[in-house]
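Asker: here is a sequence with its predicted model. Questions after.
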Amino acid sequence: MKTIIITLTGLLILSISTKGQLGTPQSKDNTLLVKGTAVLKQMPEIIYASVNIKSEALDYSDCQNKLLYKMEKVKSSLLKQNIGRDLIKTNEITISERKEYINGKTVNTGFVGNISMIIESPYSTEISNKLLIALKNDSLGLNYSIGFRLSEVQKSQLRQQGITIAIDDAKEKASLIAKSSNIKLIKINSITYLDDDLTFIRDRDIIREEVRRSQDAFVAVTGVNSNTPNIDFNPKEIGIIKSVRIEWTISDN
């Protein structure tokens, strides 16, 4: 899979600290601090759907039964599209009291149940269409989101490449600064890995901090009345940023 690499201009800081007292010989500890940054992008390999199923009833048992019935209907709709049972995961089931404020008092008016389901699969146009057809069944009345995710193999590869490129970027910048400033790089004092694993999507041209940990691209959708897909759910490139900060000891040339 093709990887696109962009190198960003990093933060360059030249700092000189001086020790000693006035009138006595001074020793200088000269350092150069450089930030190296790399951006890598790939098309995500994983498609997933997050489905929320809800039920309400006056009685706890009725609420639970309605919830389980709806869950089975959703599973049946997915299985009818030949989506493998092993791809369907039940994430969380909750049933809680529904309370309302009536005539100055908090009153229990029944129960609310929720089930969260996840369907995850390697991406293909076929699986994308199957998910849309299954979830856009108007009789289900679902709220769901469909998104794309980098696979674990992709994330590992991008992480390794990103750190290597970020270090090379910092070294190149340090060499350019040293050459243009007529100074000499003596040794590396420290390398700090910066955990700024931000994620962005190609067609939005923005940094999305809210999904920086999961490296996902989301498309929020609600069930509609059509049984055929009419929205483009092709994946867009997802990227990660890797940065390091390297400090050198320097001296005059």
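Answerer: The structure has been received and is ready for your questions.
Asker: remind me, longest strand of this protein?
Answerer: strand 105-122 (DSSP state E).
Asker: give me the sheet partners of it and which way each runs.
Answerer: Applying DSSP bridges, strand 105-122 is found paired with strand 46-57 (antiparallel), strand 88-102 (antiparallel).
Asker: what comes up buried for the longest one?
Answerer: Right, strand 88-102. Judged by neighbour count using 16 or more other CB atoms under 10 Å, the buried positions of strand 88-102 are I88, I95. Placement of C-beta: from N, CA and C, glycine included.
Asker: next secondary structure after the longest strand of the chain?
Answerer: Going down the chain from strand 105-122, the next helix or strand is helix 125-135, by DSSP states H and E.
Asker: restricting to C-alpha, output the next helix or strand after that following helix in CSV.
Answerer: Next helix or strand after helix 125-135 toward the C-terminus (DSSP H and E): strand 143-149. Extracted in CSV, the C-alpha atoms of strand 143-149 (Å, rounded to 0.1, in the frame of the first residue of the first chain):
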residue,chain,number,x,y,z
ASN,A,143,-29.0,5.7,14.8
TYR,A,144,-25.6,4.6,13.5
SER,A,145,-22.3,5.8,12.3
ILE,A,146,-20.0,4.3,9.7
GLY,A,147,-16.2,5.0,9.8
PHE,A,148,-12.9,3.9,8.6
ARG,A,149,-9.8,2.9,10.6
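Asker: can you list the strands that strand 143-149 pairs with?
Answerer: Short version: by DSSP bridges, strand 143-149 pairs with strand 46-57 (antiparallel), strand 216-222 (antiparallel).
Asker: tell me the angle it makes with helix 125-135.
Answerer: With axes from the mean of the first three to the mean of the last three CA atoms, to 10 degrees applied, the angle from strand 143-149 to helix 125-135 works out at 170 degrees.
Asker: out of the strands paired with strand 143-149, which gets the lowest mean score?
Answerer: When those are compared by mean pLDDT, strand 216-222 comes last with a mean of 48.
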